[in-house]
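[1] Okay, structure incoming, though there's no sequence with it:
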Ligand code: GDP
Ligand code: MG
């Protein structure tokens, strides 16, 4: 995936101080190839790269991220924007009943999506009415009746003798008398875009007031889906897109291009054949998926929010000078409470993140941390700066002051001295040099 691809480029970037035009160009070469391989439209890729490059160059350097991570973040943010920034709900507030028409090629998933949508709307407390307007195949009408029964939503009784436009008009009238508030019209599809089909859909849109015209496309058809979407949008003024069979398309290239080319939001994605398998489309999740890096990103965000690289460097200096006191320990505990484990904090210190030793370091849970904090806070400044003076009577006082026990005070002191020992060890091996350090 894209992240793997970028890894090697980023390794090269890591040595550099900041993002320059040159190293960004190099990374963008990788992004370009990856997007094209993910079947994103060429024009879209070109525009995307230009925009990301412009944003990445001269971007403020975040102390908590490596240059590589920063590029990933810029790419991610730009992807989210390209995909529509945020989820776009259906427009259901207009004159009731609202009418939703589904259109698209044959086999794209219109009939299935109609039932899935009806199910979701029903669960939200609306009263949907399913309308089969694919009169060319008796099986198509029957298919919607079967699905309607499955999701417990009434289906208009169309026949193959009716014209689609008449079905639409009569169904809307029936919805009014039957107190349905949402009419979902399932239309016919062809194997290719076809003038007769377009004329039929246009006639429906002229006859009944449509709140939504959702273009349904099979995501696995990639660039074809984009071309067809463009054509439907021109001829029919679609209001949104449903991409089906997304569970099979790990690349997500169609999603990127469809939004860009039509300017219409992706509202839902189909992720399976069952009637439950319809999800609201979330641009940020889709972007992470395209980058193949859900975890990586949340880590970056976490780091960005709380990690203080300078603090880590300060710690490194203290280790270097053998001056890591209980006060510093308290500092670290507060950091750990914010971002996770000691291992992660230590990992921020250049040079020691790969040490296996860290895996054996104590990983206290949240409750332990709170207790440890209370214990250190009950110590005097003198005690915090020199743990050696903490004798038995002082331990009793600290335990009482912190509402803990002497045994617990002992444990805190022990894990502190263990940490000291471990740090000395690192220093002895010359891993924490205190001298040259990665600059960001
Ligand atoms: P239509 O011709 O546009 O009405 O398409 P259908 O709704 O009949 O769907 C065509 C085929 O695609 C059927 O076998 C559906 O079960 C299948 N299908 C529809 N949506 C999805 C989806 O999101 N994922 C998967 N895997 N299959 C889907
Ligand atoms: Mg159908």
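    Perfect, I can see it now. Small disclaimer: the values here were computed from a predicted structure and weren't measured. Ligands and ions are numbered 1, 2, ... in the order given.
[2] Report how many residues lie close to whichever residue of the stretch 51-200 of the chain sits closest to ligand 2.
    Per C-beta to the ion, residue 111 is where the stretch 51-200 of the chain lies closest to ligand 2, at 3.3 Å. Placement of C-beta: from N, CA and C, glycine included. By other C-beta atoms under 10 Å, 23 other residues sit near residue 111.
[3] Please work out the average pLDDT along the strand or helix carrying residue 400.
    Taking DSSP states H and E as the definition, residue 400 sits inside helix 392-402. The average pLDDT within helix 392-402 is 95.
[4] Can you tell me the element the one residue sitting closest to the centre of the chain falls in?
    In the chain, the residue lying closest to the centroid (C-alpha atoms, centre = their mean) is residue 285, at 2.4 Å. Using DSSP H and E, residue 285 sits in helix 283-291.
[5] same question, residue 419
    If you go by DSSP H and E, residue 419 is part of helix 406-428.
[6] tell me what that helix is packed against?
    Judged by 3 or more C-beta pairs under 8 Å, 6 or more residues apart in numbering; DSSP states H and E, helix 406-428 is in contact with helix 309-320, helix 326-339, helix 366-377, helix 392-402.
[7] could the ones you listed go into CSV alongside mean neighbour count and distance to residue 160?
    Putting the helices and strands packed on helix 406-428 into CSV (neighbours: other C-beta atoms under 10 Å; distance: least, C-beta to C-beta, whole Å) gives the following:
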stretch, mean neighbour count, distance to residue 160
helix 309-320, 18, 69
helix 326-339, 17, 64
helix 366-377, 16, 65
helix 392-402, 15, 81
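[8] Same list (these) but as a markdown table, adding distance to ligand 2.
    Putting those into a markdown table (distance: least, C-beta to the ion, whole Å) gives the following:
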| stretch | distance to ligand 2 |
| --- | --- |
| helix 309-320 | 56 |
| helix 326-339 | 50 |
| helix 366-377 | 53 |
| helix 392-402 | 69 |
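[9] hang on, the earlier thing: list the contacts for the residue of the stretch 51-200 of the chain closest to ligand 2?
    132, 134, 140, 143, 144, 147, 186 (C-beta atoms under 8 Å, 6 or more residues apart in numbering).
[10] Determine which two of those residues are furthest apart.
    134 and 147 (12.8 Å; C-beta to C-beta).
[11] Would you mind listing what in the stretch 101-250 of the chain touches ligand 1?
    Within reach of ligand 1 by C-beta under 6 Å from any ligand atom, the stretch 101-250 of the chain has these residues: 104, 106, 107, 108, 109, 110, 111, 112, 189, 244, 245, 247.
[12] Pull the contacting residues for the second one.
    Read it as residue 106. 188, 189, 190, 191.
[13] what's the closest of the helices and strands packed on helix 406-428 to residue 262?
    Closest to residue 262 of the helices and strands packed on helix 406-428 is helix 326-339 (C-beta to C-beta; 41.1 Å).
[14] just the residues of the stretch 101-250 of the chain next to ligand 1 now: which is nearest residue 419?
    Nearest member of these to residue 419, counting by C-beta to C-beta, is residue 247, at 46.7 Å.
[15] Just give the number of residues close to the residue nearest to that closest one when sequence neighbours are not counted.
    Nearest residue to residue 247 in three dimensions, chain neighbours excluded: residue 271, at 4.3 Å (C-beta to C-beta, 6 or more residues apart in numbering). Per other C-beta under 10 Å, the neighbour tally for residue 271 reads 19.
[16] before we move on, the earlier item: which PyMOL command selects the buried ones in the contacts of residue 106?
    Buried subset of these, written as a PyMOL selection, criterion 16 or more other C-beta atoms under 10 Å:
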select buried, resi 188+189
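[17] So which of the contacts of residue 106 sit within strands?
    In strands, judged by DSSP state E, none of the contacts of residue 106 are found.
[18] any chance of the contacts of residue 106 in TSV, plus pLDDT?
    Shown next, in TSV, are those (pLDDT from 0 to 100):
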residue	pLDDT
188	93
189	90
190	85
191	84
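[19] Now for the contacts of residue 106: which two are most distant?
    Most distant of the contacts of residue 106, by C-beta to C-beta, are 188 and 191, 11.3 Å apart.
[20] Pull out the buried positions in the helix holding residue 419.
    Neighbour count says helix 406-428 has 408-409, 411-413, 415-416, 419-420, 422-423, 426-427 buried, by 16+ other C-beta under 10 Å.
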